[in-house]
Structure formats: structure tokens, C-alpha cells
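> my questions concern the predicted model and sequence given below.
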Amino acid sequence: MKTLIALAQLNVTVGDFAGNVARLVAAAQRAHRAGAQLLVAPELALSGYPPEDLLLRPAFYAASAAALSSLAAQLKALPGLHVLVGHPHRTARADAPIGRDLPPVDTFNAASLLCDGAIVGTYLKQELPNAEVFDEKRYFASNPQPFVFDLNGVTYGVLICEDVWHARAAQQAKAAGAQVLLIPNGSPYHLNKEAVRVDILRERIRETGLPMVYVNMVGGQDELVFDGGSFVLDAQGELVARMAQFEEACALVEFDGPRPVPPGSIPAASMAAALPLASLAPSLSLEAQVYAALVLGVRDYIGKNGFPGALLGLSGGVDSALVLAVACDALGPERVRAVMMPSRYTADISTTDAADMARRTGVRYDEIAIAPMFDAFHTALATEFAGRKQDATEENIQARIRGTLLMALSNKFGSIVLTTGNKSEMAVGYCTLYGDMAGGFAVLKDIAKTLVYRLCRYRNAATTFATRDIIPERILTRAPSAELRENQTDQDSLPPYEVLDAIMRLYMEEDRPLADIVAAGYAAKDVQRVTHLLKVNEYKRRQAPIGIRVTHRAFGRDWRYPVTSRYNEPLA
């Protein structure tokens with residue numbers, strides 16, 4: 001018997017129960033009009049993911065339960081449609097010990113099946129991720145019981161996200177009679193994540209022989225970006241359907257009994273106008289993925305937090321150029337403001353290139369000279385600094401003047417300041433506390449300098465945007481410089497970025513021993529210098545704004561090294 005399943009790749013917001021219910025109902029209405037019998041929504045779609053310590057508040061579970069009841073009641077108007085929705089779930093514990101300081105409840109990451117106004121059943125997640133950005137064991141209990149249900153003569157089993165990364169839950173579902181596995185997900189993006197997901201599901205298919213429907217969340221949530229990319233694999237592990245990454249969408253997949261039917265084999269006349277059939281969306285290049293993640297992350301952070309727009313310091317350098325491009329693509333140029341703050345060390349070409357890019361993008365552009373303010377600081381500190389040479393102190397004062405000006409504009413007009421520092425600079429402390437680190441959101445926090453250039457080249461050449469070549473070529477070819485002293489370049493005090501980025505990746509992202517990095521061909525002095533700078537600048541990174549995560553290990557929740565530490569790893 002034929003069954004139409006709707007994949008609801010939704011962009012929900014943490015804690016917005018009313019808004020999330022409305023999104024789910026709208027998707028369900030479209031699915032029902034298209035003739036679907038089942039709609040699968042992402043993990044914790046009702047509450048948003050991840051709710052973090054909101055999950056320690058009993059009232060949050062009460063709000064979730066009320067929202068689930070509201071959703072079920074509204075779905076009564078869509079007879080016959082089954083909706084699988086993720087939500088936090090709280091139950092009383094019959095075995096709670098008396099006199100112990102333990103809550104008499106258990107809390108779970110759950111998915112409930114709703115139909116005709118009722119809750120048909122609930123699955124409780126078994127495998128709780130507790131690495132990288134995940135700490136579900138802090139909040140949830142595990143319940144090793146499968147959940148299956150019958151629809152149109154086929155038995156469906158339910159897993160949630162991490163469950164499918166392990167063999168047990170899928171095998172239990174098969175033992176309970178499942179012929180198809182449905183997998184709601186809140187799987188955040190990082191480089192190559194979409195290929196890893198497919199590989200993991202193919203492992204489960206080899207073990208169980210069951211086709212799988214994988215539905216992922218989409219959207220930005222603080223530093224995380226969920227990329228969607230929902231897909232369906234048949235019992236041989238072949239891709240039958242794949243939805244686009246970084247786009248909210250709802251699409252149909254047809255099943256003939258337990259077998260997913262490729263969309264090309266379905267007669268055009270059977271395609272429902274209310275909802276498209278999921279096809280095989282093309283894979284994106286790495287640069288296209290990362291750029292899309294940055295755009296979505298900026299759009300949702302600013303939109304979900306209610307900022308009217310964004311502003312940034314535009315220096316005529318490559319990092320601020322990329323941030324400006326991302327901000328314009330995320331918000332539209334009318335909501336972005338760029339401020340050039342030249343000093344006596346700012347090259348004329350920097351001012352020219354910054355103004356050129358502002359013209360190309362169409363943003364509001366202003367120049368505020370900082371030389372008078374720097375002179376005032378210099379005069380005020382002259383007695384204290386008497387007899388001492390100029391050094392990084394004076395350089396940092398310039399950066400802090402710029403940070404103060406940007407924050408003043410933010411306070412006055414409400415727009416959030418986007419910082420422009422990249423991961424390479426954050427790693428080695430090539431940034432100024434309360435200066436270029438001052439702001440609300442760090443767009444490039446997880447983007448290495450070498451990747452910055454690749455993303456700029458991608459954006460200039462991409463045909464998917466209305467305007468191309470928005471970053472002046474000279475910005476991409478001149479040597480990078482903070483322009484805080486005469487004739488300064490980044491490489492005066494740092495190894496070449498190709499070397500720095502490679503050492504950072506091996507040490508920070510891959511946890512490779514120092515001896516292995518040297519054995520890989522990098523000079524011992526460079527390895528020692530970069531890793532030493534990584535260590536001593538942890539105090540700066542702890543005070544940095546949050547920023548978008550695109551690697552499997554970003555500074556922030558992924559990286560938990562102590563500020564106070566005397567450990568020095570040997571090179572050999």
C-alpha cells in the first residue's frame with residue numbers, strides 16, 4: 001500500500017512554544033492537503049534545540065506539555081494525519097527514594113506520535129550524546145525501550161538523533177517489528193557532517209536491512225547552525241531523496257509498503273500541489289556550505305534576538321570584508337552599517353577599498369577618524385608613560401577606541417556589533433580585549449584565516465547571488481595588517497597563515513601530540529610558538545563574544561582548557 005510521508009525540515013526557536021506549534025501546524029496542514037499520512041518533525045521541535053539549562057526548570061516541562069496538548073488538539077482538524085514531533089518529557093518516578101535529595105521525576109528527550117487529537121504513543125531517547133557541544137546526560141535520563149507503530153500495513157520504528165550512531169536502538173526497533181526507521185534529528189553542522197551522517201546510517205542499514213528516514217532541524221541557535229539536509233535511504237543504503245541544506249522546507253517521500261520510491265518514478269500527475277516531492281538536492285561545495293552556515297547563523301541570531309540590524313568596523317582588510325558580505329546576504333544592505341575608523345597608520349588604499357566595498361554592497365558607510373582621540377589618550381598618559389618606548393600598549397589603545405565607538409553606536413541605535421576576528425587570530429591572541437573583540441556576535445570565530453580567503457573568492461564568483469565581485473580584488477591580494485604601527489603586517493609576529501592554520505588544526509581540532517605535528521613537517525620553533533600562544537591567550541577567548549561554529553571543534557563549548565595551568569607538553 002502507498003504511503004506519503006512528509007519531511008518537515010523546520011527552523012524553530014528555543015522556548016517559543018506558541019511559535020513552534022504554529023510552524024508545526026502549518027507544516028501539518030500542507031502535508032494533509034498533499035495527501036500525506038505521516039509527518040516527521042525534528043528532534044525537540046516543540047521546544048527548540050538545545051534548550052540547555054532551561055531543561056532544569058520544571059515550568060519549562062509544564063509549558064512543553066501544554067504545547068503538546070495544544071498541538072494535538074489543533075491536529076484534530078486534520079483527520080488521519082499522524083505527526084511525529086520531538087519534545088522534552090517529564091514523568092514521575094515510582095521508585096524515587098524517600099528522604100534523598102533527588103527529584104521524584106525523570107526527564108527525557110522524547111518524540112510523540114499524534115493523530116486525530118490524541119497522543120498515540122511516546123518514544124524516549126536511548127543514547128545521550130555527551131561530547132563536543134552536547135551534554136544531554138546533564139539533563140536527560142535514558143530509557144532502553146523501543147517504540148513502533150503501524151500505518152497502512154507497515155510497522156515504523158522511531159529513533160532520535162544519537163540513537164542511530166549506535167547499533168542497539170536500531171536493532172531493538174527491528175526486533176520489535178519495525179520495517180522502516182524514522183529518525184528526528186537536531187544535528188548541528190560542521191565541515192563534512194552531511195557525509196558522516198549518511199555513512200553512519202549506512203552502517204545501521206547494513207546491520208538491520210531497514211530503510212531510514214532522517215529529518216534534521218535547520219536554523220541558527222546561538223553558536224550552532226543546523227543545516228537540514230534531511231534524506232531518505234533505501235534498504236540497500238542508496239539515497240532516494242535529499243533535501244537542500246540551510247533552507248527551511250517541507251517535502252514528500254512516497255513509500256510503497258516499506259520501500260521508498262524514487263521521485264523520478266512517480267507519475268507527475270500524482271505530485272501534490274500543496275507540497276513538493278523530495279528530490280536529490282545537489283551537494284554543496286565546502287565553501288558554499290560554510291558561507292551558507294555563516295549567513296544563516298547571522299540571520300537567525302539577529303532575527304531571533306530582535307536586533308534591528310548590524311554594524312561593524314570596516315578596515316579595508318579581508319576579515320571585515322567577509323563579515324560585511326555575510327551580513328548583507330543575511331540581512332539585506334539596508335540593515336547593515338559599516339564604519340571606517342582610520343588612524344595615522346591607516347593606508348590610503350585601506351580607506352579607498354573600504355569605501356569601494358561599501359559602494360558595491362550598498363550599505364550605509366561612515367568614517368570617524370580616531371587620531372584626535374588617540375592623541376587625547378597619549379596626552380593623558382604622557383606622565384605615566386614617561387621614559388617608556390611605544391609598544392603594543394599604544395596599538396591596543398587604538399583598537400579600544402574603535403571598539404568604544406562601535407559600542408556607542410550600538411547603544412544609540414540598537415544594532416548589534418559584529419566582530420571581525422577570525423579563528424587563527426583568536427587562537428594566538430592576535431586580537432585586543434575590549435578593542436576588536438568588543439561586540440555581540442563573532443561571525444568568523446571558527447573560520448581560519450586561510451578559509452577566510454577561500455570564502456571571499458567563493459562569494460565573489462558565486463552565481464547564486466544577485467551581485468558578484470563585491471569584495472575588491474586588492475583586499476584579497478595585499479598582505480594582511482592590523483595597521484596599528486608603521487609598515488606593519490601580520491607575518492611580522494606570526495608564522496605564515498598556512499603554517500599557523502595547519503598547526504592549529506592538528507593541535508586544537510585533532511588533539512595531535514606536538515611530536516606528531518613536528519613529524520608532519522612543521523618546524524619545532526613554529527609548533528612551540530603557536531601552541532604556547534594558544535595556551536597563554538585562553539583568558540582572552542573566555543571573554544570573547546559567542547560566534548558561529550563550523551568545525552567539529554570550535555573555541556567555546558567545544559574547547560575547555562583551563563586559563564590557569566602550568567602544564568607544558570614536550571615536543572618529543
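In hand now; what should we look at?

> SS state for the residue nearest to residue 210 when sequence neighbours are not counted?
Distances taken as C-beta to C-beta, 6 or more residues apart in numbering place residue 181 nearest to residue 210, at 5.2 Å, with adjacent residues excluded. No exception for glycine: its C-beta is placed from N, CA and C like everyone else's. Under DSSP: H, G, I helix; E, B strand; the rest coil, residue 181 falls in the strand class.

> against residue 421, how distant is residue 181?
43 Å (C-beta to C-beta, to the nearest Å).

> go on, residue 560?
20 Å.

> how about residue 212?
41 Å.

> could you report the pLDDT at residue 456?
Per-residue pLDDT puts residue 456 at 97.

> same question, residue 513
95.

> OK, contacts around the most centrally placed residue in the chain?
Residue closest to the average C-alpha location in the chain (C-alpha atoms, centre = their mean): residue 225, at 1.9 Å. Residue 225 makes contact with 188, 189, 219, 246, 293, 296, 297, 300, 548, 549, 550, according to C-beta atoms under 8 Å, 6 or more residues apart in numbering.

> repeat for residue 534
427, 428, 504, 507, 508.

> going by neighbour count, which residues of stretch 457-467 are buried?
458, 459, 460 (16 or more other C-beta atoms under 10 Å).

> whoops, stretch 522-538 was the one
522, 526, 527, 528, 529, 530, 531, 533, 534, 535, 537, 538.

> with pLDDT added, can I get the residues you listed in CSV?
Formatted as CSV, those follow (pLDDT from 0 to 100):
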residue, pLDDT
522, 95
526, 94
527, 95
528, 94
529, 94
530, 95
531, 95
533, 95
534, 94
535, 95
537, 95
538, 95
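
> make sure the residue nearest to the centre of the chain is indeed in a helix.
No - Residue 225 is assigned strand when assessed by three-state DSSP, not a helix.

> show the subsequent helix or strand relative to the biggest helix by length in the chain.
Criterion DSSP state H: the longest helix present in the chain is helix 392-413. Going down the chain from helix 392-413, the next helix or strand is strand 416-419, by DSSP states H and E.

> output the contacting helices and strands for that next one.
strand 310-313, helix 318-331, helix 392-413, strand 441-442 (3 or more C-beta pairs under 8 Å, 6 or more residues apart in numbering; DSSP states H and E).

> what about the second one, distance to the chain center?
When you say that, I think you mean helix 318-331. Centre-to-centre, helix 318-331 and its host chain are 17 Å apart (C-alpha atoms, centre = their mean, to the nearest Å).

> and if you look at the first one?
Remark: strand 310-313 is offset 21 Å from the chain centroid, using C-alpha atoms, centre = their mean.

> ok, and what's touching that strand?
Under C-beta under 8 Å, 6+ apart, the answer for strand 310-313 is 298, 302, 320, 323-324, 327, 331, 335-341, 402, 406, 409-410, 413, 415-420, 436, 439, 441.

> how about 7 Å then?
Residues external to strand 310-313 that are found in contact with it (C-beta atoms under 7 Å, 6 or more residues apart in numbering): 302, 320, 323-324, 327, 331, 335-339, 341, 402, 406, 409-410, 415-418, 420.

> ok, residue 428 - contacts?
494, 500, 530, 533, 534, 537.

> give me that answer again for 10 Å
493-495, 500, 503-504, 529-534, 536-537, 540 (C-beta atoms under 10 Å, 6 or more residues apart in numbering).

> next: residue 545.
Residue 545 touches 223, 416-419, 421, 437-443, 445, 556, counting by C-beta under 10 Å, 6+ apart.

> ok, now residue 472?
By C-beta under 10 Å, 6+ apart, the neighbours of residue 472 are 316, 321, 349, 352, 353, 354, 355, 356, 357, 359, 360, 460.

> how many neighbours does the fifth one have?
By the other C-beta atoms under 10 Å criterion, the neighbourhood of residue 353 contains 23 residues.

> shouldn't it be in contact with residue 473?
Yes - with contact defined as C-beta atoms under 10 Å, residue 353 reaches residue 473; the gap is 9.4 Å.
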